[in-house]
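> I'd like to go over a predicted model; first the sequence, then the structure.
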Amino acid sequence: MWRAEIKVLLKPSILDPQGQAAEKALATMGYTGVDRVRVGKYLEVTFNAPDRTAAEAKVQELCNRLLVNTVIEDYTYHLVEVAP
């Protein structure tokens, strides 16, 4: 059994209005030195696969077909083997 911890962020060339709003709010609250805020999403998916290679292929398929809009988003993931 595997757990994929997936981090999704907008590509650097895509404007992030939610991140900009958070950045401005932090400045208004007196937080200085905050250079840039990007807002994304975090997903955990647990699934069965026979080995790490198959698990990586499954995660990439799930992300590319449904979980990530690869036109405007990038993703990274970390696989963790978990007890069934």
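In hand now; what should we look at? Worth saying up front: this structure is predicted, and the values here are computed from it rather than measured.

> Could I get the contacting residues of Val37?
Asp16, Gly19, Gln20, Ala22, Glu23, Leu26 (C-beta atoms under 8 Å, 6 or more residues apart in numbering). For the C-beta atoms, the positions are set from N, CA and C on the backbone; glycine is no exception.

> From Leu43, how far out is it?
20 Å (C-beta to C-beta, to the nearest Å).

> follow-up on the earlier one: please list the members of the contacts of Val37 that lie in helices.
Within the contacts of Val37, residues falling in helices by DSSP state H are Gly19, Gln20, Ala22, Glu23, Leu26.

> Please give me every residue in contact with the spatially closest residue to Arg52 that is not a sequence neighbour.
Spatial nearest neighbour of Arg52, excluding adjacent residues (C-beta to C-beta, 6 or more residues apart in numbering): Leu79 at 6.5 Å. By C-beta under 8 Å, 6+ apart, the contact list for Leu79 reads Trp2, Arg3, Ala4, Glu5, Arg52, Ala55, Glu56, Val59.

> Confirm Leu79 sits in a strand?
Yes - with DSSP: H, G, I helix; E, B strand; the rest coil as the criterion, Leu79 is part of a strand.
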